[in-house]
Each structure stands twice: as structure tokens, then as C-alpha cells.
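1. mind folding the following:
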Amino acid sequence: MSGVTTEINSSRIDLNISLINRGLLSINGDDYEGSKIEIYDLSGKILYADIISQSFVKFKRDLLPGIYIVKIINNGQVRVQKIKIN
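-> So this is what the prediction gives:
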């Protein structure tokens, strides 16, 4: 995971989100399947949105170096995590 760091901004859902590489997130925790995941750039543009169906979320494009926001929504609860790619 060279060049990749994560920082939790807020949490209501008990999940661990890790960036494996620029196109793959690992999600670990209880009851995350069926949750909605969204990835935003800092301008607020949504880059990816899907429903989580497994512990790895693979998106179709690599993220360029920068800071991104990952948002997971499940049953009205929200987890927001900042991901920095060097």
C-alpha cells in the first residue's frame, strides 16, 4: 500500500475501509452488504456509486493522486472516510 493513506472523518457504521490500490477498496465489518458506496473528489463530483455486494469494491478507473471522500450509507447511517493517494 505504498503511497496510500486513509483517515476517518466520521463514523456511525462499524466498518473498516482500506484502499488496496487506486482501483480497489477493501471493506471489512458487520452487515455492510447492501450498503450504498459513493466516492467523491474534493469538488463534490461523484466518481463512483454502487451497492456493496462483497468485501472488495472494484471501480473501473484508477484514482489519480489526491484526496477523495468515500461515503457508505446503510439503513440511514452514514460513514464518511477521507482517502489520500500519493
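
2. going by C-alpha atoms from here, please, whenever you check contacts or count neighbours.
-> Noted.

3. any buried residues in stretch 37-52, and which?
-> Residues of stretch 37-52 classed as buried: 37-41, 51-52 (neighbour count, 16 or more other Cα atoms under 10 Å).

4. what distance do you get for the residue nearest the centre of the chain to residue 42?
-> Using Cα atoms, centre = their mean, the residue of the chain that lies closest to the mean C-alpha position is residue 70, 3.7 Å off. Distance, residue 70 to residue 42, by Cα to Cα, to the nearest Å: 11 Å.

5. ok, now residue 19?
-> The gap separating residue 19 from residue 42 is 17 Å, by Cα to Cα.

6. now residue 71
-> 13 Å.

7. and what of residue 52?
-> Distance from residue 52 to residue 42, by Cα to Cα: 22 Å.

8. correct me if wrong: residue 83 contacts residue 65.
-> No: checked against Cα atoms under 8 Å, the pair residue 83 and residue 65 is beyond contact range at 10.2 Å.

9. which SSE is the residue nearest to residue 69 when sequence neighbours are not counted in?
-> Nearest non-adjacent residue to residue 69, counting by Cα to Cα, 6 or more residues apart in numbering: residue 82, 4.6 Å away. Secondary structure from DSSP states H and E places residue 82 in strand 77-85.

10. packing partners of that strand?
-> Applying 3 or more Cα pairs under 8 Å, 6 or more residues apart in numbering; DSSP states H and E, we find strand 77-85 packed against strand 4-10, strand 66-74.

11. ok, now how distant is residue 57 from residue 50?
-> Using Cα to Cα, we find residue 57 at a distance of 9 Å from residue 50.

12. residue 16 is in contact with residue 28, isn't it?
-> Yes: Residue 16 lies in contact with residue 28 (Cα under 8 Å); the separation is 5.0 Å.

13. what separates stretch 37-46 from the chain centre, distance-wise?
-> 10 Å (Cα atoms, centre = their mean, to the nearest Å).

14. ok, stretch 73-86 next?
-> The answer for stretch 73-86 is 6 Å, by Cα atoms, centre = their mean.

15. what residues sit buried inside that stretch?
-> For stretch 73-86, by 16+ other Cα under 10 Å, it's 73-74, 78-85.
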